[in-house]
Each structure stands twice: as structure tokens, then as C-alpha cells.
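Engineer: My questions are about this predicted structure, shown below with the sequence.
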Amino acid sequence: MNRLSKETSPYLLQHAHNPVDWYPWGEEALSRARAEDKPILVSIGYAACHWCHVMERESFENEDTARFMNEHFINIKIDREERPDLDHIYMDAVQAITGSGGWPLNVFLTPEGRPFYGGTYFPPRAISNRASWTDVLSAIAASFREKRAEIEQQAEALTRHVATANAFGVGSSGASAAEDPDELFTRARLRQIYDQLIGTADRQEGGFGGAPKFPQTFSIQFLLHYYHFTGEAAALEHVCLSLDKMICGGIYDQIGGGFARYSTDREWLAPHFEKMLYDNALLIIVLSEAYQLTKKEIYRNTIDQTMDFLRRELYNGQGAWYAALDADSEGEEGKFYVWDKVEIDAVLGEDASGFNAWYGVTGEGNWEGKNILTRTVPGRLDSGEEWTKWEDARRRLLEYRSGRVRPALDDKILLGWNALMTTACCKAYGALGNEKYREWAIANMEFCLQHLQGKDIYYFYHSYNAGKAKFPAFLDDYASLTGALLQLQEVTGNTEYLIKAKEVMEFVVENFSDGDTGMFFFTHRDQQDLILRKTEVYDGATPSGNSLMAFNLAYMGTIFNESSWTERAVRMATAVQRPVTLYPGSFGIWATLFQAFTYIIPEIVITATSPGKIRKEFLGHFIPYRVFQSTGEKNTQFPLLSGRPVEDLPSIFLCENYTCQLPVNEVSTLIRLLENVQKFRG
């Protein structure tokens, strides 16, 4: 066993028995590299990564390969989900070198930690245009001995590049530009963003671009909001096409619920079978909004089935959610999820024929001789009757499948991903009115506050496993946590969540602010184990911490009458106006923020001695962006609540800049009023 045996990360523990003398990232490994003047190999992956497993079997478990690695390198293993800060830095370096990235990520560093070469998966023997792992190791070792000056120059140049990579030209001049919001946030700009985004849409199979195809929930959400505000039919059509195709495809687990990370093909048939908590949380959020707008039963059913999957397979029993399920079982990708027709026939008996027709099951299979279940009957996707008809068959097949060897569970608990799940539970509660989803959200936040909140300078921690909270929380963690607290106050009316959100916001402003740009750094100012601090603005698989913080600042600026927060949110959006307009698919959260800023943002308050019922009715409506509070008692602490009467009969106030119309008593009346006030600024 190597040093990784003392770690808590499931990914690092997977490598604890390798003959490679792995170190976790830390001063022990870095000091040894400096003392022995050896290059560092950093290998980054995650527990659910298929190709990470492949490279481990082929190379890291090979005695001869390990012997060479141990002799010539200081070898460090990193779980990218535990240390996204390191992953961002070294991924940017590899993308600069090779033009692409992915995992496993293998990058070579000088003893000072600066990158000079890297790549992703390397095979044990050279194939096509890809060098073998042993060839790469030999070449790097020789170059480090014989061409040290060139390596140092490469490392210096790469480090300079990484410092600005993914900042997309954000600078002090752009961030502080005093542009008039009425000129910046306009219908014309939104139309540009929409045209750019819809131009990349796959109008036959849904989604955006070709294979491999990711859900891109942020882009779908932008189109959903765009339809709400403009009535652009093509926007809603593509939202529904995209969601329907995913739900009916192999990327969705038709038996057990839940979405895989992405599809390897254009048609959503063959997924990369790993299931991540964040993907499912983000899809629940957009499905909840789609259901509010369309009332399509397929979205309700998918939310419920996915929530059941998460509770069954990623819940820790104490309020929190685990990170992921592996793609592989028994050494084969997808083996747990695919079917032989004879299996289904045996389990379902006389029901098999109809089930097979509905889910596309054949003797030949549709993927490597097996069947990935899909829904194949066009025009009947919204049939609640069909969904119910096969409920018992799905239950029997799920029970049968549970006897198979399960994919490995990555049981670490990540603050940011759990906060996204809190938000998803709140959104699902709002859309469907299911009380248990609100209870799950409350329990999740209680776990995070109890187990991931620290007592030192870092305030919160990023990861929790085996009873230990580890690593200072990153900007994404704090941004998602703040957003989750805001959602919780909406569904509960509990202002303690707002007080906590303000506390978190003030901490982030103090410790993460980039004074030159107005944005936020990814890491805390006192974190010492990095070669540089990065500012990330790109919305990738998860939202950028900066885009979420801009949303939070705008919302909380109104809640607490902190105009500096609102102004900072506008400055942040101003700083990324060009890339958002030209590349909205990579800036989906930012694009949605632009949309919010383009319209009058309504302020809505509900008061009543027992506001729960009318609050629940209000939350069932699709209102893309608004500031909302409710209370059952008089409150002078918050500007929107101050001076509001609290009586048995509910009062609903619609306000703008704290100036309110006369209260109404019914949600339906409020919705009619909103149609008149949600207009463009200019």
C-alpha cells in the first residue's frame, strides 16, 4: 500500500494498492521534489471516470512502469472533485499544449510546481498518433536531464498563460465600465444572444452541437426564460425537444431514473454511464421550470423518478448527498444498466412483448449486442396512462437489476454539489408541491451547516468523508451555498436563511474579491499551496462561481438594500458582455442574468398569519426572476417586509424599487399584474 491508503477520497483509495509510489498533493511531495530536484508527475481524475480506470489497469498497476515512475518522478494523485482549483490550473496548461483536455489528466511539473508538458489518456503501447505512456515518461525524464533550460522557459510561459486562461479578456477597464444598464441590457442584445445560441441547436435531436452531447441545462434555461418574456415559439420548441429527447434516450435511466453525464452520440442513445449528483440537480432545476410553464406530465414523472433515484442511491441517510456512481461494474462500462432481451422476457413474462415495444428492446440489441432502454413511441410522451401502465414492469426489472454487481459509489460529500441539490429540492417543491422535497432541502442544509462549516479562517470546507471535513471551500461552493440559502428562505419564509446568506456573502467579498476586475478569485486569499490564483468566469458542467455570485449579489442587494452589491453584479455582467453575446453556450448562467437585468425585476411580498398555503400556490407559477419574501409576523429587519400588515387574509404586494402597488389577495390576480410590469428597461 502507498501513501494514498490514508486518504478519504474514493478515487485516491482506488490507487492505494498501485506499485506507483503515489503522494497526495501536499508539502511532503513538493518538498521532496525540490530536495531531489526531480520533475513532478501530477495525475488527476475522479472515481467515476472510465478512462481513469483503464489507464490504471494498463499502466499504474504495471510493476515495470511503476518502477520507472518511482525512479524518475515524484508522483502525485489528485481527485479533481476534491481539488478543482488544482484541476483548473493544470487543465488549462494541458489544453494550451494539446488543444484539448479531459481525464485522466497527466501533467508534468518542475520541482516548483509549474507545468511544462502534459496530456490525457496515454495507452501502454503507441497507437495511431498517440505515444505510449512509457515513451512519454522516458522522453520527459531525458529532457529534464538534458534540456532543463528549455523546460524552465516552457514552464514560465505556460504559467503566464494559465494566469489569464478562461478569463476571456475580463480586466479592470471592462469590469468598471460605467455603462448605462438601459443601453447594455437591451432587446437587441438578447436577440443576438438568442440567435447565436439557437444557431448551434440540433433541431432534430435536441441539445446543441454534435457528439459527444452534454445536457447544457443553462442554455435550455435561457431559452425557457426567453420564451416566457418574448413568446418566441422556436425557443420553447427547442426546450421541449431537448428535454424530451434526453428523457426518452439512453442518457436517462429508464428503469431506475437519473441522468448519465453525457451521450457519446448525437441521438442521446449511448451515454457515458457515470451518474453525477450535479448533473441530476441541474436537470431537476430546469425540468421544474419547464413543468411550471408547460405542465407536461413527462417532466413531472421524470422529476419524481430522478428524485427517487437520488434518494435510493446517492443519499447518505443523514441529510446529505454523495458525489457520483461509477460508469463501470465488473470492469465493463455500462454493464449494470444494459439488458439482454431474454432477461426481460424472463422477468416480465406475458408483459414483456408490450414493454419491449415501448422501450425498443430487440434480440439484436442497439448497443454492442445489448439493449440500452429508450422510449421509442412518438407522439405519446405525455401519456400519463402509458407511464403508469409500465410502472410495475419497471419496478420488477429494478428489483432484478439490484441483484447485479453495482457500480462503485463515490461517497464523498461536496459542499457546492450539495448546495445545488438543495436548490433542486426547493425548485421541485415549488413546481410539484411535494412536501418531502422541501424537507430534503432543509435537512441537506442542516447537514452542510453542521459538518462542513469550520471554525478557522476558511469558514467552510469543500469536502466531507469518513467523518472529516477537508480543503478550504472554493468560490463555487460559497456561491452555490448562498443561492441555496436564498431558495430555502423562499420555500420556508425563514429569514434566518437570509441572515446566513448575508454572512456568507460578506465573507466572500472580504476574502475572494479580485480588486482589479471586480470579479472573485476561485480560491481564498490565504490559501498557500497554489502557483497562482485564478478567476474563472466560464459556465462549464457546473455554473461559474462568478456568474452565481452575480445573481446572488443582485438578489441580496434588494433584500438588504445594499446598492453596492447590486452595482457590483451589474459591473460583473458588463465585464463579460462580449463573450456572453458571442458564445452564449459557454456562458449560459451569465446569459440568463443578462435576461434578468433586461427586465424590471419585480419584488413580491406575501404576508398572512399562516402564509404557507398561499406561498405554496405562488411558488407553483413560473416567474423566471424575481425577489420574493413571505412572512407570518411583522418584521422590520428587511426593507421589503418593513411596515407590511400581517392579517388572517393574505396580502400580496407587487413592488419595484420598494414602491408597491395596492395589495391583492389572490395569486391569480398577482400573475395578471406581473404581465403588465415585467417589461424591458429601455
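Structural biologist: Received it, and whenever you're ready, just let me know what you need.
Engineer: looking at the chain, which residue lies furthest from center?
Structural biologist: In the chain, E146 marks the outermost C-alpha relative to the chain mean, sitting 43.6 Å out by Cα atoms, centre = their mean.
Engineer: Looking at that one now. What's its pLDDT?
Structural biologist: Predicted confidence (pLDDT) for E146: 96.
Engineer: so who does it touch?
Structural biologist: E146 is in contact with no residue at all, counting by Cβ atoms under 8 Å, 6 or more residues apart in numbering. All C-beta atoms are positioned from the backbone trio N, CA, C, and that covers glycine.
Engineer: let's number from 44 now, not from 1
Structural biologist: Sure thing, new numbering starts at 44, so read that last one as E189.
Engineer: Next, it: phi, psi?
Structural biologist: Dihedral pair for E189: phi -100, psi -20, per degrees, to the nearest 10.
Engineer: cool, and D453?
Structural biologist: phi -90, psi 100.
Engineer: Against G252, how distant is the residue nearest the centre of the chain?
Structural biologist: Centroid-nearest residue in the chain: T585, 2.9 Å away (criterion: Cα atoms, centre = their mean). When distance is defined by Cβ to Cβ, to the nearest Å, T585 is 19 Å away from G252.
Engineer: Tell me how many other residues surround the spatially closest residue to the residue nearest to the centre of the chain that is not a sequence neighbour.
Structural biologist: Counting by Cβ to Cβ, 6 or more residues apart in numbering, T585 lies nearest to Y321, which is 5.2 Å off, once chain neighbours are set aside. Counted with other Cβ atoms under 10 Å, the neighbours of Y321 add up to 23.
Engineer: I figured Y321 hits W460, correct?
Structural biologist: Yes. The pair Y321 / W460 is scored as a contact, 4.8 Å apart, by Cβ atoms under 8 Å.
Engineer: Any stretches of the stretch 594-725 of the chain with poor pLDDT?
Structural biologist: For the stretch 594-725 of the chain, the stretches flagged by pLDDT under 70 are 721-725.
Engineer: cool, and the stretch 294-443 of the chain?
Structural biologist: 420-427.
Engineer: Tell me the pLDDT of G473.
Structural biologist: We have a pLDDT of 98 for G473.
Engineer: Would you mind giving the secondary structure of it?
Structural biologist: The local conformation at G473, judged by DSSP: H, G, I helix; E, B strand; the rest coil, is helix.
Engineer: Contact partners for it?
Structural biologist: Counting by Cβ under 8 Å, 6+ apart, G473 has contacts 331, 335, 533-534, 662-663.
Engineer: one step back: so how far is G631 from the residue farthest from the centre of the chain?
Structural biologist: Separation of E189 from G631 (Cβ to Cβ) stands at 47 Å.
Engineer: just E407 next, same as before
Structural biologist: 39 Å.
Engineer: any idea where the strands of the stretch 444-593 of the chain begin and end?
Structural biologist: All strands of the stretch 444-593 of the chain, identified by DSSP state E, counting those that start in this stretch, fall at 452-453, 456-457, 504-508, 511-515.
Engineer: got a markdown table for the ones you listed, with mean pLDDT, distance to A136 and mean neighbour count too?
Structural biologist: Compiled in a markdown table, the strands of the stretch 444-593 of the chain are given as follows (pLDDT from 0 to 100; distance: least, Cβ to Cβ, whole Å; neighbours: other Cβ atoms under 10 Å):
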| stretch | mean pLDDT | distance to A136 | mean neighbour count |
| --- | --- | --- | --- |
| strand 452-453 | 96 | 25 | 22 |
| strand 456-457 | 98 | 24 | 29 |
| strand 504-508 | 97 | 22 | 23 |
| strand 511-515 | 94 | 21 | 17 |
